[in-house]
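S.K.: please work out how this folds:
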Amino acid sequence: MSNTKKSQQPAPRTFAAPKPQVEDVRTFQVGQIQRRFKPTTDEKDHATVFTFQMIPTDPDFPYEIDALDCSLKIPHGYPDNGRPLLKILNKDIPRGFQINIENGFHALCDNAPGATLLGLMNRLDKQLESILSGEMAQTVKLVVNRGPPKPTAVPVPSASVTTLLHRLPALQGFTSEQRVDAEKKRQSDTRQFEARFGRLPHFAKSPDGFSYTLPINSPKRQSWPASLRSLRSFTLLLPALYPLEASTIMLDEESKEARNVETAFEARSEDHLDATLTQQINYLTQHLHEMAKDRQQEPDLRPVPVSTPQKTVTPAQTGALRSTDPDRPHLHVIERPPEWTMVGGTDDESDSSSSDGYSYDSGDDVENSHDSEDGGAPVSAPVEKGVLISFPQLELYGIELMELTTLNISVKCERCKDIMDVEKLHNVTASDGSGIHDASCKKCTTRFSVGFRADLMHANSVRAGYLDLDGCTVVDMLPSSFIPTCAECSTPHPAPGVISVRGESTMAICRECHKKTSFRIPEVKFLQISAAAIRASKAPVRKKVCSLPHPRPIHFETPTEASEQGAAARDAFAGLPS
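M.R.: As a prediction, the model looks like this:
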């Protein structure tokens with residue numbers, strides 16, 4: 001029975017290892033290299049040398065290297081005696097980076113002695129980006145002094161070689177922290193950029209993420225050069241180390257203006273490395289007509305100071321310094337140079353406009369400056385009358401213009417001194433006064449009216465507008481709505497705007513370029529400019545002079561009539577009841 005049980009047990013199966021791998025490891029691994037890379041073979045110095053190209057398999061490989069020209073030397077005694085040696089033969093890669101790649105391969109051989117040659121090459125392919133991002137190895141070049149060189153034709157390197165030679169050494173100028181920060185900013189800028197322009201038609205992104213195709217459209221297209229008006233799209237190129245390296249663009253137009261735009265965009269990107277991609281594209285859209293100008297001709301257009309020493313001073317020039325006030329002969333008036341005169345305007349208009357920009361503190365100054373203008377084109381600014389709303393020490397950050405669109409104030413009744421709130425006052429644009437708010441006092445039922453005329457605020461003007469009051473006086477400003485205009489892309493904030501009040505810092509985000517804008521109103525002042533807002537029907541009534549009528553004189557014609565009238569008076573008096 002025991003013999004029967006033993007015969008029923010299955011015998012263990014043995015698998016023989018492949019003969020090439022067991023008997024000759026070198027032949028097996030060499031065959032893998034030959035099937036994978038199709039190299040050229042050469043025998044020298046008791047070793048086999050394989051020359052082949054290894055193409056990086058990473059689809060997001062950031063460097064402009066199409067393939068590595070490798071020379072792999074395998075000793076005849078490998079793997080028992082000797083180790084493989086790798087040499088990089090690319091002429092467009094600096095020798096320092098070639099040494100980094102070779103040392104990286106040798107380090108892989110030391111860390112994994114049992115790995116196959118094909119496995120080592122695959123690991124080198126995966127770690128190629130990290131190896132190239134390191135600091136370039138120091139090299140020493142020995143130059144033999146053989147006297148003056150003979151004039152020989154120097155071969156001109158190709159464009160791709162020059163580009164890589166300029167690109168790879170730039171890696172040594174940035175630290176690892178700078179590259180980490182640059183990668184974070186790159187991801188943030190690209191997310192914002194794709195969220196802003198990703199839904200536009202004709203928007204496209206390359207698979208490697210280093211180029212974008214964008215549509216271009218601008219309301220200023222008529223001001224573009226004729227060669228660029230048919231432009232509908234362009235290509236944005238992002239380098240591997242953006243924003244440490246500037247971004248560039250390519251226009252699908254073969255013209256001098258297109259090359260000027262590309263050069264100007266690259267120069268501005270280098271000067272504003274902290275700007276986001278969205279800001280750069282918005283700037284391109286708004287200022288393309290300026291960027292298309294030839295930069296070499298700009299210095300000729302500027303006013304050049306007098307550089308001809310042969311000119312002599314004429315009597316007309318000596319009279320440029322003249323004294324206008326005989327009481328103050330030490331004060332001289334210097335005439336305006338001709339290049340300062342604006343086209344289509346006069347000196348008087350420019351002087352009056354420059355002096356009016358800061359006359360908001362007193363009502364007398366405003367009236368005098370307004371009366372001094374005898375003529376000129378009508379302006380859109382509101383008439384300076386009524387009560388001026390001023391914001392002294394107004395703080396604007398990233399805002400070029402701001403308008404008070406919806407005003408809420410507290411007013412006091414002139415009769416009973418009761419305080420009331422007047423809300424939703426908008427800009428009165430009609431000349432007939434149809435936008436004036438009419439109401440009555442809740443305490444004494446006296447009618448009053450309030451009108452608001454808005455004005456634009458900017459860095460040199462803190463006037464918010466004017467109030468036309470009738471039957472009331474202004475007390476304070478309540479939280480109101482403001483519409484700021486972005487200083488980067490000149491886009492106004494959408495209605496109804498942002499709400500702010502005195503002493504509060506308010507922040508808003510531009511819907512076009514996504515830049516942060518903020519403003520603060522430290523103080524609010526109400527200045528009486530004039531009494532023009534008071535109606536004639538409500539003018540103070542002139543006091544009436546109270547005068548008593550003169551007594552009528554009694555004339556007596558004759559003594560008889562006088563005695564008769566006296567007797568009649570006595571009889572009438574006697575008949576009165578006591």
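
S.K.: for the closest residue in space to residue 207 that isn't next to it in sequence, helix, strand, or coil?
M.R.: Excluding the flanking residues, the one nearest residue 207 by Cβ to Cβ, 6 or more residues apart in numbering is residue 59, at 6.5 Å. (C-beta placed from N, C-alpha, C; glycine too.) Under DSSP: H, G, I helix; E, B strand; the rest coil, residue 59 falls in the coil class.

S.K.: and the helices in the stretch 51-200 of the chain?
M.R.: Along the stretch 51-200 of the chain, the stretches classed as helices by DSSP state H, counting those that start in this stretch are 95-111, 117-126, 128-132, 159-167, 176-197.

S.K.: how about the third one: buried residues?
M.R.: By neighbour count with 16 or more other Cβ atoms under 10 Å, helix 128-132 contains the buried residues 128, 131-132.

S.K.: do the same with stretch 500-512
M.R.: Buried-residue list, stretch 500-512, by 16+ other Cβ under 10 Å: 500, 506, 508, 510, 512.

S.K.: tell me the mean pLDDT for that stretch?
M.R.: For stretch 500-512, the mean pLDDT works out to 87.

S.K.: what about the residue nearest to residue 207, how many neighbours?
M.R.: 8 (other Cβ atoms under 10 Å).

S.K.: related to what we said a few turns ago, just the buried residues of stretch 500-512: which are in strands?
M.R.: With DSSP state E as the criterion, strands contain 500, 506, 508 from among these.

S.K.: which intervals of the stretch 401-550 of the chain have sub-threshold pLDDT?
M.R.: Counting by pLDDT under 70, the ranges of the stretch 401-550 of the chain that qualify are 429-435, 530-550.

S.K.: so how far is residue 190 from residue 200?
M.R.: 15 Å (Cβ to Cβ, to the nearest Å).

S.K.: which one's more surrounded, those two?
M.R.: Set residue 200 next to residue 190 and count neighbours by other Cβ under 10 Å: residue 190 wins out with 17 against 12.

S.K.: quick one: contacts for the closest residue in space to that one that isn't next to it in sequence?
M.R.: Leaving aside its chain neighbours, residue 190 sits nearest to residue 277 (7.0 Å; criterion: Cβ to Cβ, 6+ apart). Residues near residue 277 by Cβ atoms under 8 Å, 6 or more residues apart in numbering: 189-190, 192-193, 236, 238, 247.

S.K.: just those residues now: which is nearest residue 177?
M.R.: residue 189 (18.4 Å; Cβ to Cβ).

S.K.: for residue 195, see how far away the closest one is.
M.R.: Per Cβ to Cβ, residue 189 is found 11 Å from residue 195.

S.K.: between those two, which is the more surrounded one?
M.R.: More crowded of residue 189 and residue 195, by other Cβ under 10 Å: residue 189, with 20 against 11.

S.K.: contacting residues for the more buried one?
M.R.: By Cβ under 8 Å, 6+ apart, the contact set of residue 189 is 242-243, 276-278.

S.K.: just to revisit the earlier point, any chance of the buried residues of helix 128-132 in a markdown table, plus distance to residue 330?
M.R.: A markdown table is the format used below for the buried residues of helix 128-132 (distance: Cβ to Cβ, whole Å):
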| residue | distance to residue 330 |
| --- | --- |
| 128 | 79 |
| 131 | 77 |
| 132 | 73 |
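
S.K.: may I have the strands that pair with the lengthiest strand in the chain, each with its orientation?
M.R.: As assigned by DSSP E, the longest strand anywhere in the chain is strand 399-413. Sheet pairing here is set by DSSP bridges, and for strand 399-413 it gives strand 419-425 (antiparallel), strand 456-457 (antiparallel), strand 472-477 (antiparallel), strand 480-486 (antiparallel).

S.K.: in a markdown table, list these along with distance to residue 50 and mean neighbour count.
M.R.: Formatted as a markdown table, these follow (distance: least, Cβ to Cβ, whole Å; neighbours: other Cβ atoms under 10 Å):
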| stretch | distance to residue 50 | mean neighbour count |
| --- | --- | --- |
| strand 419-425 | 84 | 15 |
| strand 456-457 | 75 | 20 |
| strand 472-477 | 83 | 18 |
| strand 480-486 | 61 | 22 |
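
S.K.: quick one, which of these gets closest to residue 334.
M.R.: With Cβ to Cβ as the criterion, residue 334 lies closest to strand 456-457 of the strands paired with strand 399-413, at 32.2 Å.

S.K.: which helix or strand lies directly C-terminal to that closest one?
M.R.: Under the assignment DSSP states H and E, the closest C-terminal helix or strand after strand 456-457 is strand 463-470.

S.K.: now that next one - C-alpha only, CSV.
M.R.: Below are the C-alpha coordinates for strand 463-470, written out as CSV (Å, rounded to 0.1, in the frame of the first residue of the first chain):
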residue,chain,number,x,y,z
ARG,A,463,-13.9,115.4,-7.1
ALA,A,464,-16.7,112.9,-6.9
GLY,A,465,-19.4,115.2,-8.2
TYR,A,466,-21.8,118.0,-7.2
LEU,A,467,-25.1,118.2,-5.2
ASP,A,468,-28.0,120.5,-6.1
LEU,A,469,-30.0,120.9,-2.8
ASP,A,470,-33.3,122.7,-2.3
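
S.K.: related to what we said a few turns ago, nearest to residue 229, of the buried residues of stretch 500-512?
M.R.: Distances from residue 229 to the buried residues of stretch 500-512, taken as Cβ to Cβ, are shortest for residue 512 (22.8 Å).

S.K.: show me the contacts for the closest one.
M.R.: 282, 486, 489, 491.

S.K.: give me the subset of the residues you listed lying in helices.
M.R.: The helices, defined by DSSP state H, take in residue 282 from the contacts of residue 512.

S.K.: ok, the contacts of residue 512 vs residue 254, which is closest?
M.R.: residue 282 (25.9 Å).

S.K.: you'd agree the closest one is up against residue 513?
M.R.: Yes: if you go by Cβ atoms under 8 Å, residue 282 and residue 513 touch, sitting 4.6 Å apart.

S.K.: give me the common contacts of the two.
M.R.: Listed as contacting both residue 282 and residue 513 by Cβ under 8 Å, 6+ apart are 488-489.

S.K.: for the stretch 1-150 of the chain, which spans come out with low pLDDT?
M.R.: Looking at the stretch 1-150 of the chain by pLDDT under 70, you get 1-23, 138-150.

S.K.: the strands in it, which residues?
M.R.: 40-44, 47-54, 68-75, 85-88 (DSSP state E, counting those that start in this stretch).

S.K.: minimum distance to residue 399: which of those has it?
M.R.: Using Cβ to Cβ, the strands of the stretch 1-150 of the chain put strand 68-75 closest to residue 399, at 53.5 Å.

S.K.: give the pairing partners of that closest one; include direction for each.
M.R.: strand 47-54 (antiparallel), strand 85-88 (antiparallel).

S.K.: mind putting those strands into TSV with distance to residue 222 and mean neighbour count?
M.R.: Shown next, in TSV, are the strands paired with strand 68-75 (distance: least, Cβ to Cβ, whole Å; neighbours: other Cβ under 10 Å):
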stretch	distance to residue 222	mean neighbour count
strand 47-54	52	18
strand 85-88	55	18
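
S.K.: so which of those strands gets nearest residue 452?
M.R.: Residue 452 lies closest, by Cβ to Cβ, to one member of those: strand 47-54, at 74.7 Å.
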